[in-house]
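Chemist: fold the following.
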Amino acid sequence: DLIIHVRDITHPETILQKATVLSVLKNLNLPSHLLDSMVEVHNKVDLIERYKPTEENALAISALHGHGLEELKEEIEKKILIATGKKVLTVNINLEGPQLSWLYKEATVQEVEVMAEDGTARVKVIISSSAFGRFKNLFPN
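Modeler: Residues are numbered from 1 along each chain as shown. Below is the predicted model:
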């Protein structure tokens with residue numbers, strides 16, 4: 001669903017390495033949307049003072065120090081959701097019914113926040129549009 005190209009931005013041949021990787025990927029006859037959505041990651045930015053990527057849409061990280069990793073995770077999530085046609089939604093459910101177990105079977109449950117006082121929960125899920133449509137039909141409230 002997604003290609004992430006991580007480069008050692010401090011390597012003296014980093015630009016040549018990028019060209020080589022792109023050439024290999026193109027020779028694999030991958031779908032163009034996969035190449036177009038590739039995430040470019042520049043690693044080891046902690047070794048270059050005040051590093052700013054010159055390439056459009058490149059993300060600067062330092063895996064060693066954790067710099068930029070949150071932005072990378074957000075970008076990966078965004079691209080995967082686009083590629084798979086899924087959405088992140090928060091739904092309110094009644095814990096006495098079968099909704100929660102249905103969501104665990106049909107979606108990816110990320111968080112469950114239980115409201116013990118009224119027997120409900122807020123559930124954050126990754127779900128396809130078709131699965132969400134089935135959910136709304138099965139559980140209209």
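Chemist: mind checking what secondary structure the residue of the chain positioned farthest from its centre has?
Modeler: Distance from the C-alpha centroid of the chain peaks at Glu117, with 33.9 Å (C-alpha atoms, centre = their mean). Look at Glu117: counting by DSSP: H, G, I helix; E, B strand; the rest coil, its state is coil.
Chemist: and what of His11?
Modeler: Classified using three-state DSSP, His11 is coil.
Chemist: for the residue lying closest to it once chain neighbours are set aside, give me its contacts.
Modeler: Spatial nearest neighbour of His11, excluding adjacent residues (C-beta to C-beta, 6 or more residues apart in numbering): Gln17 at 6.5 Å. To be clear about C-beta, it is placed using only N, CA and C from the backbone, and glycine gets the same treatment. Applying C-beta atoms under 8 Å, 6 or more residues apart in numbering to Gln17 gives the contacts Arg7, Asp8, His11.
Chemist: now do the contacts for the residue most central in space within the chain.
Modeler: By C-alpha atoms, centre = their mean, the chain has its centre lying nearest to Glu77, at 1.3 Å. Contact analysis of Glu77 by C-beta under 8 Å, 6+ apart lists Val88.
Chemist: who are the packing partners of the helix or strand of the chain with the lowest mean pLDDT?
Modeler: One helix or strand of the chain scores below all others by mean pLDDT, DSSP states H and E: helix 32-36, with a mean of 89. Helices and strands touching helix 32-36, by 3 or more C-beta pairs under 8 Å, 6 or more residues apart in numbering; DSSP states H and E, are helix 14-27.
Chemist: the helix it packs on: which residues count as buried?
Modeler: Of the residues in helix 14-27, Lys18 count as buried by neighbour count, 16 or more other C-beta atoms under 10 Å.
Chemist: give me the next element, helix or strand, following the longest helix seen in the chain.
Modeler: Counting residues, the longest helix found in the chain (DSSP state H) is helix 69-84. As assigned by DSSP states H and E, the chain's next helix or strand after helix 69-84 is strand 86-94.
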